[in-house]
Each structure stands twice: as C-alpha cells, then as structure tokens.
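# Give me a model of this one.
(chains A and B)
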Amino acid sequence: MVSADSLFGPIDPAPDAGYVDAPPRMGFFTDTSVCIGCKACEVACKEWNLVPDHGLDLLGMSYDNTGALTANSWRHVAFIEQPRPLGRQTPALAGTPTGPSGSAHMAEIASTTPGVPDTDPGLPPAPHPEPAGRMAAGPEFLGMPGTDLPGRQGGGERTDLRWLMSSDVCKHCTHAACLDVCPTGSLFRTEFGTVVVQEDICNGCGYCIPACPYGVIDQRKGDGRAWKCTLCYDRIGEGMTPACAQACPTESIQYGVLDELRERAQQRVERLHADGVPEARLYGHDPNDGVGGDGAFFLLLDEPEVYGLPPDPIVTTRDLPDMWRRAGVAALTMAAAVAVAFVGRS
Amino acid sequence: MSDGEEIGARFRRFQERLADGSVGAGGPERPLERGVGTPGLDVPGRDWSPKTQRREPGGGGEGGRRGGGRGRGEREGITVPPVEFSSYYGRPILKAPVWKHDIPAYLFTGGLAAGTSLIAAGADLTGRPALRRAARVTSLAALGASTYFLINDLGRPERFHHMLRVAKLTSPMSVGTWILAMLGPAAGVAAVSEVGPLLPSRGLLGFARRIAPPTGRVAGLAAAALAPALATYTGVLLADTAVPSWHDAYPELPFVFAGSALLSSTGAAMITAPTAETGPVRRLALAGAAIELTASHRIETRLGLTGEPYREGRGGRLLRLSRSLVLAGAAGALLGGRSRLLSVLSGAALVGSAVATRFGVYHAGVDSAKDPKYTVVPQRARLEQAESDTDR
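Predicted structure coming up:
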C-alpha cells in the first residue's frame, strides 16, 4: 500500500514496490565530459529495441539531428557549441583570423526547425528564440555573440570553441511520476528499480506524458501508445549491459549498480575540479533531490537547462496527498452548497 | 518516413532562414539586433563553478520544502521573474499533454453530470418532479458524452477496459475511472426510473412501474453521493502533472471545477425545468459563481509567473469570456427568475461560461508546458532561494 513516504524522499524503489530480495538497483552514469558525440548509443538503442527510424534530415542544431527524447528516440545526443575554452585545453581555434565562431545566432535560427512529425508532442519548435542564443553563449556569458557562419565575415579573430555533447535518456526516477499516474498499470517498477512500459497493456491515455518532469515519455503517432527507454530490461535480466552502454566507445555511458556509479561519479567530478574544470557538476545523483534521485544521472559541464534538462525537477506526486485533501474540501463545499440551496426558503 | 518530405528540405529551409538573417519560422520576420564582433570571452576572474548547488541533504532546506508555509514563500519569491534564461535550442523541456479536445470537453460534461445528479437528488427529496426528471436525464446524457470523450481520446480506444485492471490512488485518472464506473450505472438507473409512469399498471411491467420511484430515489441518492467527487477529482487530474500552471494551481483547481460544475448544471436546469421549480437552482447558481470566481481569481493573482497563462493567450481570453458569462448568467438568475425566456438565456450563459472555463484552464496549462520559461525560471528561482537560505 502506498504511504506518504513512498511519494517523496530517499527510498530504494524496488523494495518499496514490494519486491522481496530485489537485486541491487541498476542505473546509468552518463559522463558527458568524455562524450564524443558519435551517437553509437542512439543507433544501438534503435537496433536492439527495434525503435522506428525518425527520418533523414538536418535540424541545424549543431550535429544534433534527433532534437529530443521522443517515442522513437530513447537516447538523444545533445550538441551545444559555445565560444569558450574547455578546461585547460589548448586553444585550437583562438587567434585564427577567420572571423568569430558565431553560434548563438545559428542556435536561434535552429530553434524553430520542425522536428519529424511521427511522435506526439515529439520535438516542438521553440516559442521564443532568445533562450537558444543564451544556451549557445552560455547562461553567464555577457559578451556579444557573432551573427554569421565562421569565416563568412572577414576581420575579427575566431574565438575559441567548446563543444558540449551529452547523451540524454530516461532518468528512471526513484519517484517516477509517469508510473504513479498510469491508470492501467502499464508502467511498472522492475526488480532493478527501473521503470518500464508494458506495451501490451498501454492504452494510450497519455497521462504519463505531461506527468514526466523531464519531458521524456512520448506518444508514437499511428500506434497511439507511449514509449520510452526500458534500460534494456530484456538484456539486464540476462546479466547483459544495455545496448547504449555496450556501444559507447568512450565509456561516457556507464551501466552498473547505482551506488557504485554514484561513488565513481563523485571521484570523477573531484578529479575534473582538480584538473581545472570547475564547471563540472553532477545532475540527478542526489537521493535527496525532488525526484528522490535518478536511476540515470549525469556529469554536466554547464547548467542543466543548457542541455534541455530541468534545473530542479520535483515529482508532482509529492503534493498528491495535499491535492486530494483540497479536492475533498472542494467536494464538501459543493455538497454543502447544494444542501443549503434546497433546504433554504423555497 | 511519415512526413513524406523530400530529404534535406528541412535543412534547406534552415539555411535560407540563416541567410535571411531573421528569426522565426512562421511568425513575423524579426531582424536580429546583434552586432558583429568578437565575443568578449575572457571575463577576468570569472567564476566557472556551477551557479547553484543542490541543497545539503538532510538540511533545513529539505524539510522546509515539504512544508506548506515555505511552499507559499517560494511562489511569492518568483512574482518578479528574471527574464533571462536559457534552454536547449529554446525548445520546451516538458512534453505538453497530447490530449485532444475530448479532455476539456469531458471536464465540462463530467462537471455537468455531477452537478445535475446533485440537483436531481435535491429535487427528489424536496418534491420537485419536473426538475428531478430534467436533471436526471441531463445527467445520464452528460455521462454518456463523458464516456465517449474519454474513450475517444485514448491512443488505443479498443483497450479502454485496461483502465479497470487496477485501482490506484496515485493515479487520479484511475480514481476517476472508478468514480465514473460506479456513478454511471446509478445515474443510469435513476434516469431510466423516470419512464415508470409511462408503463402499464398491470402485470410484470406494472410491478416495474411500482418499484420505479423508490429504485430511482435510491439510485439517485447513490449517484449524488459520488457526484462531488466526480466534479472535483478532475482538478487533481490536471494538477498531478509536471505542467507548471496546472501543478502550481493545485490548491484552487478543485474549487474552480466544483464552481464550474455548479454553474453548468444549474444553467442546464434553468433551461430544461419550469421556473416554478428552479428557485433552489437559481440560488445554487449564485453559490457556484461565488466559488468559481473566487478560486480563479486566486489562481490568477497568487501564482506569479505560472499564473501568466491564465491571464494571457488562449487561456486568458477564454477565462475572461467565462467571467463575463458568469456575471451575465448570475445576474439573470438573480433578477429574471420568473421569466422563462430570461431563465433560458441566463442558463445558456452559465453553461457557456463552464465550457469556456474548462477550455481556458486546459489551454493555459498546455501553453505553460510548451514554453520552457515556465519550467526553467521558477525552478531556477527555487534553487537560488534554497541556496540563499542555506547561506543564512
């Protein structure tokens, strides 16, 4: 039975869901500082899970032609070009007289490129272009970004460039809103603490889609059901590594026991700080955060929203007991209003 | 590929817009007001560390986040929102609801069914047969429409019965399914019992005729007992999502929907029942107007940034229309009680206001999910608030 404790705070999700002698919680640690943007994870995921293709075109969002996590893309590699150096990296481009590495303008143009319309809501356009420009410049960047392709405008020096890449995935939250609001029991908690959709049960009610604080789960058009990463439930049950982690050539995607991954991530971020990358930070690792910690967490080199991640997500069901209380008071108010109206003078 | 577009067409359009030097695909072309120049990169002594750190585990911040008092403070803290924020290519962070217009339409018909069930029970117990009959029939029709809308909205309508596999308190949709599944048959029996007087007085049908009124009363009272839950759970249904404007409005949404359900059902009763029996209904309309207007006013004023979609855009327009119709309908209910024509007109205004409210609240939420501003800015403000709290 659900207690208020099951809705918020640090817990171990599999025993909380009723598993006896559950195996240790498994998860992903995605270290974006070593991601090279090869998209092997996207391809391996599609191959293994038989996820439909999403077309062949370019979005203009750097090398990102996937755009977002959708029902048809369960891994999504984000690419962000920023005119600043990475750590103590030797400047490769700075000083080259070929004009500024203007990318804020390009990001703003790219913010409205339409996505492939085979999932819903899939990849909608940006309502305003300015946040895209600030993403490319970095949220703290106060200088004037360039307005043209590198080399098109003469004069000026080419600025340095850092290229952020990050393979995004379902977070397999400790407190998963998608799972809690699912009215059919299609979404369930596995013995590994992950969250999986049973496609033979899902009736496409769509409730999980706005419930997800990360905007992960999505509806496949024509099919009508909701789809997302399963953390390769069929593979990990056999002791295998999920397809994306198996394919990752740099171990940017690491799969393992979540507690061990958290330790490893802590060491990695300390190492990066010592190596002169103070902007390195962990995201989703903290069991005391708004979703009780993510089963898939990240090492990022900029603010989460630059990568399309919410800066401080809180699972909506934290407030559910209070919501039911308010609804109860409203229901009593309504009943009382009817009673008074009929009992009063006639 | 499902869109059937030529490969590369999307990228060619991107290049054209890039060459054009303007931003925005469909809207008015807006030239970029940016100078050409080398970005001033080397900000001396710049702090590269993350702007905001997470709260320390187990610290005062965590406990405070759960408390109601602190929650209110958070919201007030963002009434003056910072305009600068970034987002991955400006795209939305959340996935907006994929529900079609069936869902706001269901919000209306569900409220109508709930309100008319209550009115029918009141009319039954206070001896107003014409009002009772009209309300019972309206309730059954609204429940039929609700069921249609809910099933039609599913991605896999033929699997609607999968809703009945489980009963989950954490899923307002599951709770609503079970409320409907219990209320539907009760309201159905109550409505069918109204054919009793039309049956012959002898034989088996005569027996049915005799038991129709008591059966109808029991069923009608059962339906009325569940009706307030049907009218208000929909507030939780919308609020229990990550949609910023819905979630932040969770204390008020059930009251908005309770008020709106009273308005639509009293409006329907004023249209369908004779004026001699609608005295209580007109009083109830005023109560509904008071509840709805108070709660929606609180949403628009208390919420800060996430209240914006209730004041602007599609949501704002519909809610303003709703408010005008409520005031017109309530005035008609107050003053024109004995006139059949005025009753019908003010009833129609009340029904219309409920439709506008449901669609307005729905669109406000969808719009708040589509703009990353409503996701990023309040969360940033919350992090900064938490950080300044731990510094103190």
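# got the contact list for the residue in the stretch 151-300 of chain B that chain A sits nearest to?
Chain A sits closest to B:G155 of the stretch 151-300 of chain B, with a gap of 1.9 Å, by CB to the nearest CB. Where you see a C-beta, it was placed from the backbone N, CA and C, and this is true even at glycine. Going by CB atoms under 8 Å, 6 or more residues apart in numbering or on different chains, B:G155 touches A:C202, A:N203, A:G204, A:C205, A:G206, A:Q219, A:D223, A:G224, A:R225, A:A226.
# Who wins on neighbours among the residues you listed?
Neighbour count (other CB atoms under 10 Å in any protein chain shown) singles out A:C205 as the most crowded of those, with 32 neighbours.
# Make CSV from the contacts of B:G155 and add distance to A:Q267, pLDDT and secondary structure to it.
Below are these laid out as CSV (distance: CB to CB, whole Å; pLDDT from 0 to 100; DSSP: H, G, I helix; E, B strand; the rest coil):
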residue, distance to A:Q267, pLDDT, secondary structure
A:C202, 39, 97, coil
A:N203, 45, 95, coil
A:G204, 43, 95, coil
A:C205, 43, 96, coil
A:G206, 41, 96, coil
A:Q219, 39, 96, strand
A:D223, 43, 93, coil
A:G224, 45, 94, coil
A:R225, 40, 96, coil
A:A226, 36, 96, strand
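# So which of these reach chain B?
A:C202, A:N203, A:G204, A:C205, A:G206, A:Q219, A:D223, A:G224, A:R225, A:A226 (CB under 8 Å from any CB of the partner chain).
# helices or strands up against the helix or strand containing B:R13?
Counting by DSSP states H and E, the element that carries B:R13 is helix B:9-20. Other elements packing on helix B:9-20 under the criterion 3 or more CB pairs under 8 Å, 6 or more residues apart in numbering or on different chains; DSSP states H and E are helix A:104-110.
# I'd like to know the phi and psi angles of A:C173, please.
Backbone geometry at A:C173, expressed as degrees, to the nearest 10, gives phi -60, psi 150.
# nearest spatial neighbour of it, skipping sequence neighbours?
Closest residue in space to A:C173, ignoring its immediate chain neighbours: A:V291 at 4.2 Å, by CB to CB, 6 or more residues apart in numbering or on different chains.
# Could you identify the helix or strand that succeeds the helix or strand where A:W48 lies?
Here A:W48, judged by DSSP H and E, is contained in helix A:40-49. Per DSSP H and E, the first helix or strand lying C-terminal to helix A:40-49 is strand A:75-82.
# which residues make contact with that following strand from outside it?
Here strand A:75-82 has contacts from A:35, A:37, A:39, A:41-42, A:45, A:61-64, A:66-70, A:101, A:103, A:107, A:135-138, A:141, A:161-169, A:229, A:244, A:302, A:306-308, B:88, using CB under 8 Å, 6+ apart.
# mind exporting it as PDB, just the C-alpha atoms?
Taking C-alpha atoms only, strand A:75-82 is exported to PDB below (Å, rounded to 0.1, in the frame of the first residue of the first chain):
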ATOM      1  CA  ARG A  75      18.700   8.000 -26.400                       C
ATOM      2  CA  HIS A  76      19.300  11.600 -27.600                       C
ATOM      3  CA  VAL A  77      22.800  13.100 -28.000                       C
ATOM      4  CA  ALA A  78      22.700  16.900 -27.400                       C
ATOM      5  CA  PHE A  79      25.300  19.100 -29.100                       C
ATOM      6  CA  ILE A  80      25.900  22.600 -27.800                       C
ATOM      7  CA  GLU A  81      28.500  24.900 -29.400                       C
ATOM      8  CA  GLN A  82      29.800  27.600 -27.100                       C
END
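# What segments of the stretch 1-150 of chain B are strands?
In the stretch 1-150 of chain B, the segments counted as strands under DSSP state E, counting those that start in this stretch are B:22-23, B:30-31.
# Return the mean pLDDT over the first one, rounded to an integer.
Per-residue pLDDT values over strand B:22-23 give a mean of 56.
# Residues of the stretch 251-392 of chain B that sit close to chain A?
B:251, B:254-255, B:257-258, B:261-262, B:279-281, B:283-284, B:287-288, B:291, B:365, B:369-373, B:375-376, B:379-380, B:382-383.
# Need phi/psi at A:H285.
phi -90, psi -20.
# Distance check, the closest residue to it other than its chain neighbours against A:L69.
Nearest residue to A:H285 in three dimensions, chain neighbours excluded: A:F297, at 4.4 Å (CB to CB, 6+ apart). Using CB to CB, to the nearest Å, A:F297 is found at 15 Å from A:L69.
# And the helices in the chain?
Reading this off chain A. A:13-16, A:40-49, A:104-110, A:130-137, A:177-181, A:208-211, A:233-236, A:243-247, A:258-274, A:320-343 (DSSP state H).
# Chain B, not that one
Remark: helices assigned in chain B by DSSP H are B:9-20, B:60-66, B:68-77, B:102-125, B:129-153, B:172-192, B:203-239, B:244-247, B:253-272, B:279-302, B:308-311, B:313-335, B:340-370, B:373-391.
# Next, the buried residues of the first one.
Read it as helix B:9-20. Residues B:R10, B:F11, B:R13, B:F14, B:R17, B:L18 are the ones in helix B:9-20 that count as buried (16 or more other CB atoms under 10 Å in any protein chain shown).
# Now do the closest residue to B:I93 other than its chain neighbours against A:C173, distance only.
Spatially, and ignoring its direct neighbours in sequence, B:I93 is nearest to B:T375 (4.6 Å; CB to CB, 6+ apart). Going from B:T375 to A:C173 by CB to CB gives 16 Å.
# and residue 335, what is it in contact with?
You didn't say which chain, so I picked chain A. Here A:A335 is in contact with B:L118, B:P228 (CB under 8 Å, 6+ apart).
# Not quite, go with chain B.
Here B:L335 is in contact with B:L342 (criterion: CB under 8 Å, 6+ apart).
# so what's it scoring on pLDDT?
88.
# now it: how far from chain A?
Computed with CB to the nearest CB, to the nearest Å, the distance linking B:L335 and chain A is 17 Å.
# residues from the stretch 101-250 of chain B in reach of chain A?
B:118-119, B:122-123, B:125-126, B:153-157, B:159-160, B:162-163, B:165-166, B:168-174, B:177, B:228-229, B:231-233, B:235-236, B:239-243, B:247, B:250.
# Restrict these to the buried ones and give me that as a ChimeraX selection.
The ChimeraX command for the buried members of those (criterion: 16+ other CB under 10 Å) is given here:
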select /B:118,119,122,123,125,153,154,155,159,160,162,163,166,168,170,171,172,173,174,177,228,229,231,232,233,235,236,239,240,241,242,243,247,250
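# Many thanks, I have nothing further to ask.
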